[in-house]
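Peer 1: what shape does this take:
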Amino acid sequence: MVISFFFPVFLHAQPRPSLPGVPYAFTPSLGKARLLVLLINFPNQTPLFSPDQFQELFFSRGAYPTGSLADYLAENSYGKLIVEGEVRGWYQAKEPEAYYAGNAFGHKPTLYPRSMARLVEEAVAQAEAEGVDFSAYDNNGDGHVDGLVVIHQGPGGDVTNRPDNLWTTMDYISRGRGTALQVDGVKVDRFLIFEEYYQPDRILPVGIVAHEFGHALGLPDFYQHGGRLALAGVYDLMSAGVWGGGDATRPFQLSAYSKAELGWLSPKVITGRQRVALAPLEQKAEAARLNTPRPGEYFLLEYRAQVGFDQNLPGQGLLIWHVDENVITGNDLPCTGCCRNHPLLALEQADGGNDLEQGKNRGNAEDFFPGPKQERKLFAQTTGTGGERNRGAHSLTWDCELSGVRVSDIRLADGKVLFQARDDDPGLFYTDWPWLVLRSVQVEEVRGDGDGRAEPGESVRLYPVFYNQGAKARKLRITATGPGLDFSNRPLKISKVRPREEFLPGAGLDLEIPADFGPARVKDIHWTIALRKKETKIERVTPLVIGTPEILVVNGAGPGVAGLYQDLLDKLQEPYELWDLNRRGAPPLARLKEQRTLIWLEPFSGSAAASLTSERQQLMQQYLAAGGNLLLVAPGLKLAPVFDPVFDPEAHTRREAPFGLSSTLSAQTEGSSRPKADRREPAPGSAEALAKEMLRVRPGTAFGGISQVKGQAGDLISRDQTFAVQDLFGYPSLPVYMEILPGEEAAPVYTDPFGHVVGVRYPAERPGNWKAVTLSFSFEALPLTAQMQALARVLDFFRRPVDAPVVDAIRPSAGMRGTSQVKLVLSGLNLCPEMTVDLGEGVQVDEVRAKDSKSLELIIHIDPSAPVGRRDLTLHAPGQEPLVLPGSFTVIP
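Peer 2: Numbers count the residues shown, from 1 in each chain. So this is what the prediction gives:
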């Protein structure tokens, strides 16, 4: 499958306007869209297909054997989007294809002019000389051409897998030459590039064209990195639907979700209980939507029939999509049987097999309701997995709670699909038992300092807040326990609980916290709710932070993103508090100072430019000036390369201000590439001086995306590790609204494959002893195995001196009793022979040798009587706090 390296995130606003200061509005999805197709040949090559053939492929109506791009879009949009245009060329490139590919598929802008951007420039220049009016292809009137297509002679790298061929994608000229072209009063920047053919006897298939054009319209991909998992199956063009029946010459249609996002249909919202009839999606703009109690999460129903471009679908019937717009993109890593990880668009497959999530297939007849297995209902109980929670087809929310959604009596009749639907179904697992959701736990200080926290030496009362999604119940008994915690009073007793009622017990459970509890940490509270006269009971677990957490998560990116960081911090057993930026506004500085570490999550959408205001920048600067630590995660921003003439032609002539979340955005002038210089020198050590060491910000000048992030050798955080971007939203996942210019004092943490810095850190060697890390990608972009490790290393960086020793691995990690001259090798950073090592009772360290600062050799002997089992390794470095590696070495019999 064609895998594009550069992916826009999907913006939900309709229609898509040109945003102030943002040059890259999507191609309009309503009305007429004019495309300019430029054909360009390489020296000593002969094209096999003529301009007339490409004119038919793109723009003919009802004449192309497998359907043209215009045919496809007209059918999908119900005539709401008409594509017109012209084909020019063949033009002649100055260099062979390998020159523009640069042994990197043409995607490495730092090699410019050896990149695809240069080839597009040459095509544009020849078209301009031929008299093409580029202003005619600014479809939305924002001053930028949004309908440029370039087709190069021969096959592409996505076909040959050879890096000396160009890869089919959407990209930007400015990523190569640094700025857009100015032609006919408009800017020429974004382009789609395709190969001439897949096989010498087979012209470029329309499916590939339609898929990439979907990105130009603003649609995301719905398949996972590498193409192994087609998360939306063959049921959407932006997933495996690009291939249609198998060869991409006749792609399947877009899903109702994609069509709705493009403004081509408006789903009917079902409230209460209704009888619904839907015509085939291929023929009428009809779909049904059933909302859940969770904002942005809903079920979307469509009837797909084997007609039109869908004539070769593997089946027909009702498809039920589970949509969660809180998720960043359409291609997040799926996880069956768990509640957190899921894509934006998931199919509730009627057979309950979860085949799409597991990569078993890209869709089959058993995905449809009723389908071959005659599945005629969808409700809270799952199909196909014996009722196992959150697997199979079901209407639970992604938080594993009842949604109230029920679809039943599904059948096909008279060319339509008929079904009963409701959004208020109790969906009971037990007819005589409530389905209780523990929404929160309120903490009241009975004896304490009045700050609302449960802290050592205090007495607190816990009030559980429940919501009943099930049947009415009477006489409930609620108890709570926790490891090492003493709940002193009797169980709570509830006389009656009504369906769909939120209730707070009139009394709470008292908890005495010992004065010697120690540092802040999380304790799990286990709640048991039982019917007094029955054996039936239900259990819930909630974390309780005891003490003042070191970490405050300021969340402006929505509940889905915050949930990721909450999960990671919970797994790391790191206490934290959450501040909802969108609901409560920016926290006051006094509140920030209560926490040693601040994790600030910026939005992932077009609001990024507006949200990172000068006031918020100043708040971060003041927090750092007070000695805090800041992790700023802002995928709406872009970290520009340090001293990179591609992005900053003047960088080699002067030094850039070292870090700079500058408040000088208002000083930008049209066409300027940087903020106006502030020539007034601030007083040393002042907040203003600190601001100079923060990130400088300028309007975005390019669009980028990556397939991996590469760690830097010797870096305290990344340690030379390279991670694939699993969900393909890459960095920054949307048109760049601002670029951050790290100065030379900033240490790169991660780069993308093109050498652009996507993560930087700032050491504590300055007044205030503050530290900061800025990432232009979320940890959600990393594989699950890397997310927790990356966050743990950031927190460790905040807590320890920059020259403190780091140990990543111990080899071997075990030794036998009674052996001598055992060599252990410690790998890490800042290691030296002056260090001493303690391995506990019965293990003696005879010699310490340092090969270099990254490797330490220990010669040990293990006494015959040494206790068997795992033990800590403690490393003592001169002038440093001891480094304890819990359970890192094992003595075996």
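
Peer 1: drop to CA atoms for contacts and neighbour counts, all remaining ones
Peer 2: Fine.

Peer 1: which residue packs closest to residue 616, ignoring adjacent ones?
Peer 2: Nearest non-adjacent residue to residue 616, counting by C-alpha to C-alpha, 6 or more residues apart in numbering: residue 586, 7.2 Å away.

Peer 1: ok, now how distant is the one you found from residue 629?
Peer 2: 17 Å (C-alpha to C-alpha, to the nearest Å).

Peer 1: same thing with residue 613?
Peer 2: Counting by C-alpha to C-alpha - residue 613 and residue 629 are separated by 20 Å.

Peer 1: the two: which is more packed in?
Peer 2: Set side by side, residue 613 and residue 629 show more neighbours around residue 629, with 27 against 15, by other C-alpha atoms under 10 Å.

Peer 1: now do the contacts for the more buried one.
Peer 2: Going by C-alpha atoms under 8 Å, 6 or more residues apart in numbering, residue 629 touches 596, 597, 598, 770, 771, 772, 798.

Peer 1: same thing but at 10 Å, please
Peer 2: For residue 629, the contacting residues are 551, 595-599, 620, 623, 762, 764, 769-773, 795, 797-799, by C-alpha atoms under 10 Å, 6 or more residues apart in numbering.

Peer 1: can you give me phi and psi for it?
Peer 2: Note on residue 629: its backbone torsions stand at phi -120, psi 140 [degrees, to the nearest 10].

Peer 1: hmm, the residue nearest to residue 616 is touching residue 619, no?
Peer 2: Yes - Residue 586 is within contact range of residue 619, at 8.6 Å (criterion: C-alpha atoms under 10 Å).

Peer 1: between the two, what contacts are shared?
Peer 2: Joint contacts of residue 586 and residue 619 (C-alpha under 10 Å, 6+ apart) are residue 592.

Peer 1: so where's the stretch 251-400 of the chain shaky on pLDDT?
Peer 2: 326-341, 380-391, 400 (pLDDT under 70).

Peer 1: buried subset of the contacts of residue 629, written for ChimeraX?
Peer 2: Entered in ChimeraX, the line below selects the buried ones among the contacts of residue 629, by 16 or more other C-alpha atoms under 10 Å:
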select :551,595,596,597,598,599,620,623,762,764,770,771,772,773,795,797,798
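
Peer 1: looking at the contacts of residue 629, which are in helices?
Peer 2: Taking DSSP state H, the ones among the contacts of residue 629 that sit in helices are 620, 623, 795, 797, 798, 799.

Peer 1: which one of those residues sits closest to residue 492?
Peer 2: Taking C-alpha to C-alpha as the measure, residue 492 sits nearest to residue 795 out of those, at 39.4 Å.

Peer 1: residue 423 reaches residue 378, doesn't it?
Peer 2: No - contact criterion C-alpha under 10 Å: residue 423 and residue 378 do not qualify, at 11.8 Å.

Peer 1: what do these two both touch?
Peer 2: 405, 406, 407.

Peer 1: most neighbours of all these, which one?
Peer 2: Going by other C-alpha under 10 Å, residue 405 tops the shared contacts of residue 423 and residue 378 with 29 neighbours.

Peer 1: residue contacts, that one?
Peer 2: Counted by C-alpha under 10 Å, 6+ apart, residue 405 has contacts 270-273, 290-293, 298-299, 378-380, 394-397, 421-427.

Peer 1: measure residue 121 to residue 782 for me?
Peer 2: Distance from residue 121 to residue 782, by C-alpha to C-alpha: 34 Å.

Peer 1: quick revisit: backbone phi and psi for the residue nearest to residue 616, please?
Peer 2: phi -70, psi 140.

Peer 1: any weak-confidence spans in the stretch 651-800 of the chain?
Peer 2: 651-708, 724-745, 752-756, 764-769, 778, 780-781, 784.

Peer 1: how about stretch 709-721: buried residues?
Peer 2: 709, 710, 711, 712, 715, 716, 717, 718, 719.

Peer 1: in strands only, show me those residues.
Peer 2: Counting by DSSP state E, the buried residues of stretch 709-721 place 709, 710, 711 in strands.

Peer 1: and the ones in helices among the contacts of residue 629, which is closest to residue 514?
Peer 2: Closest to residue 514, out of all of the ones in helices among the contacts of residue 629 and judged by C-alpha to C-alpha, is residue 799, at 26.3 Å.

Peer 1: for the closest one, what are its contacts?
Peer 2: Residue 799 neighbours (C-alpha under 10 Å, 6+ apart): 596, 597, 629, 771, 793.

Peer 1: hmm, residue 496 is touching residue 502, no?
Peer 2: No - between residue 496 and residue 502 there is no contact under C-alpha under 10 Å: 11.8 Å.

Peer 1: in terms of neighbours, single out the busier of these two.
Peer 2: residue 502 (16 against 11).

Peer 1: wait, residue 57 touches residue 208, no?
Peer 2: No - Residue 57 is beyond contact range of residue 208, at 11.5 Å (criterion: C-alpha under 10 Å).

Peer 1: coming back round to it: ok, which pair from the contacts of residue 799 is furthest apart?
Peer 2: Among those, 596 and 793 lie farthest apart (C-alpha to C-alpha), at 15.9 Å.

Peer 1: mind splitting this structure into its structural domains?
Peer 2: 36-218, 263-422, 436-546, 551-655+702-799, 806-892 (automatic domain parsing).

Peer 1: need the ones you listed in a markdown table (columns: distance to residue 239).
Peer 2: Conversion of the domains of the chain to a markdown table gives the following (distance: least, C-alpha to C-alpha, whole Å):
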| stretch | distance to residue 239 |
| --- | --- |
| domain 36-218 | 9 |
| domain 263-422 | 9 |
| domain 436-546 | 35 |
| domain 551-655+702-799 | 13 |
| domain 806-892 | 39 |
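
Peer 1: between those domains, which one is nearest to residue 237?
Peer 2: Among these, domain 36-218 sits nearest to residue 237 (C-alpha to C-alpha), with 6.1 Å.

Peer 1: pLDDT of that closest one, averaged?
Peer 2: The predicted model gives domain 36-218 an average pLDDT of 92.

Peer 1: now do the same end-to-end measure for it.
Peer 2: So domain 36-218: terminal residues 18 Å apart, C-alpha to C-alpha.

Peer 1: again with stretch 299-317
Peer 2: Rule used - C-alpha to C-alpha; the end-to-end distance of stretch 299-317 is 16 Å.

Peer 1: and for stretch 550-570?
Peer 2: First-to-last residue span, stretch 550-570, C-alpha to C-alpha: 13 Å.

Peer 1: try stretch 100-112
Peer 2: 8 Å.

Peer 1: now the helices for the stretch 201-350 of the chain?
Peer 2: 206-217, 256-261 (DSSP state H, counting those that start in this stretch).

Peer 1: what packs against the longest one?
Peer 2: Using 3 or more C-alpha pairs under 10 Å, 6 or more residues apart in numbering; DSSP states H and E, the elements in contact with helix 206-217 are helix 51-59, helix 69-77, strand 148-152, strand 169-172, strand 190-195.

Peer 1: tilt between the third one and helix 51-59?
Peer 2: Looking back up the chat, that one is strand 148-152. Relative orientation of strand 148-152 and helix 51-59, computed by axes from the mean of the first three to the mean of the last three C-alpha atoms, to 10 degrees: 140 degrees.
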